[in-house]
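In: sequence unavailable; structure follows:
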């Protein structure tokens, strides 16, 4: 294992097909032409970086890997420069393989049903309006920093029964785990330790005084033998809900607002036809899918005719699959009334996202409340849009001018 204290320096990419790097600034800023180039070359490409990593470039190849739990393990779900030891309850069910996966996932489904989301919706609308109240009079805003970031953070805090005022703590941990931690193992460990200490304290509190929230729900749950879950399993699931439930949706809401700021025709149509918003949300999820997962090759196989060797990682790019023209006509265009849209934004196979109903509801509410109150907005030419690097892609700075252009 490499020294955890030394971040790895990555030289710039000059050959995307044979030496890709999803943390390269060029990929961060605009990955779409890169994926087109890779897809034209091969359904599966490889890099020696990250101790050896494949990437499927077509929808078909992504689907094949996502559905193949015999050759591809989910025990590691982020492509990093090191391969640390694996903990059994890292973040179930996302890091679980069969047969442990199914019971771990079934435990998490009841709190995320469409009916449960309907109950949460009024609080979501209130959160969006409270955030808008904070900046609407200023005439300009960084919509990533002041709006899209806080919607999922406050929603998940509300569900877990932890203080919404701790939002900045959660945001910092996510930044350390999903961005800084790819190249700097010490940041990853620091965030994991802080998060474990935070949730352990909440678990201890609820042992003394149970509450009606998601933490108590997990503490009261049992495994398939009827035994209470170990604290490590509860902690792993809480880590998963926090990490998977925040950055992903914050990025999807931000990308959607970025698109609408740059595409007045789509914005005006959604204001005129608000009933179209759910369909538009599916298309925005397809076009700007935030999440790239990973798998580890545990047994040699072939994918779309390409040999894949054990010991390598796989960058499982659902966003690249969603831009495959063989699967989606006009794949590079955002068609907000696209009817046939079997996108992979929430993943494919057994690991399809547990929180997809929550993410959809948050996106719809965030766009509805914003467009009701801020029908006119555009990118601020004096500012810069920046995007996050690595596993989850979304705008981190999103400077807007609000109101009609003068």
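Out: Thanks, I have it. Here the structure is a predicted model, which is why all the values come from computation and not from measurement. Numbering: from 1, shown residues only.
In: how many other residues sit next to residue 317?
Out: Residues contacting residue 317 under the criterion other Cβ atoms under 10 Å number 24. Every C-beta, even on glycine, is put in place using the N, C-alpha and C of the backbone.
In: kindly report the same for residue 342.
Out: 11.
In: same thing with the one 4 residues further on?
Out: Residues lying near residue 346 (other Cβ under 10 Å) number 19.
In: do you know how far it is from residue 387?
Out: 20 Å (Cβ to Cβ, to the nearest Å).
In: go on, residue 275?
Out: In this view, residue 275 and residue 387 are 31 Å apart by Cβ to Cβ.
In: same question for residue 113.
Out: 33 Å.
In: and what of residue 54?
Out: For residue 54 relative to residue 387 (Cβ to Cβ), the value is 24 Å.
In: when these two are compared, which one has more neighbours?
Out: Shown here are residue 54 and residue 387; by other Cβ under 10 Å, residue 54 has more neighbours (25 against 21).
In: can you verify that one is assigned to a strand?
Out: Yes. Counting by DSSP: H, G, I helix; E, B strand; the rest coil, one finds residue 54 located in a strand.
In: that one contacts residue 316, correct?
Out: No. Contact between residue 54 and residue 316 fails when scored by Cβ atoms under 8 Å: they sit 9.3 Å apart.
In: most centrally placed residue in this protein?
Out: residue 248 (2.8 Å; Cα atoms, centre = their mean).
In: contacting residues for that one?
Out: Residues in contact with residue 248, defined by Cβ atoms under 8 Å, 6 or more residues apart in numbering, are 152, 290-291, 353, 359, 392.
In: closest to residue 69 among those?
Out: residue 353 (16.7 Å; Cβ to Cβ).
In: I'd say that closest one and residue 344 touch.
Out: No. Counting by Cβ under 8 Å, residue 353 sits too far from residue 344 to count as a contact (10.3 Å).
In: who has more neighbours out of these two?
Out: Between residue 353 and residue 344, residue 344 has the larger neighbour count (other Cβ under 10 Å), namely 25 against 19.
In: how near is the nearest residue to the more buried one once chain neighbours are set aside to residue 42?
Out: Closest residue in space to residue 344, ignoring its immediate chain neighbours: residue 318 at 4.3 Å, by Cβ to Cβ, 6 or more residues apart in numbering. For residue 318, the distance to residue 42 equals 18 Å [Cβ to Cβ].
In: which one of the two has more residues nearby?
Out: Remark: of residue 318 and residue 42, residue 318 carries more neighbours, 24 against 18, as counted by other Cβ under 10 Å.
In: wouldn't the more buried one be in contact with residue 293 here?
Out: Yes. Applying Cβ under 8 Å as the test, residue 318 and residue 293 come out as touching, 7.1 Å apart.
In: mutual contacts of the two, please.
Out: residue 347.
In: measure stretch 294-301 end to end?
Out: 17 Å (Cα to Cα, to the nearest Å).
In: so who does residue 268 touch?
Out: So residue 268 contacts nothing (Cβ under 8 Å, 6+ apart).
In: secondary structure class of it, three-state.
Out: Strictly by three-state DSSP, residue 268 counts as helix.
In: what helices or strands is the lowest-mean-pLDDT helix or strand in the chain leaning on?
Out: Ranked by mean pLDDT, DSSP states H and E, the helix or strand of the chain with the weakest confidence is helix 181-183, at a mean of 79. In terms of contacts (3 or more Cβ pairs under 8 Å, 6 or more residues apart in numbering; DSSP states H and E), helix 181-183 is packed against helix 185-208.
In: and the spatially closest residue to residue 190 that is not a sequence neighbour, how close does it get to residue 80?
Out: Spatial nearest neighbour of residue 190, chain neighbours left out: residue 176 (6.5 Å); criterion: Cβ to Cβ, 6+ apart. Separation of residue 176 from residue 80 (Cβ to Cβ): 13 Å.
In: also residue 370?
Out: According to Cβ to Cβ, residue 370 stands 35 Å off from residue 80.
In: next one: residue 322
Out: 24 Å.
In: any idea which helix or strand carries the closest residue in space to residue 335 that isn't next to it in sequence?
Out: Nearest in space to residue 335, with sequence neighbours left out and distances taken as Cβ to Cβ, 6+ apart, is residue 283 at 6.0 Å. Applying DSSP states H and E as the criterion places residue 283 in helix 277-287.
In: fine, thanks again, bye for now.
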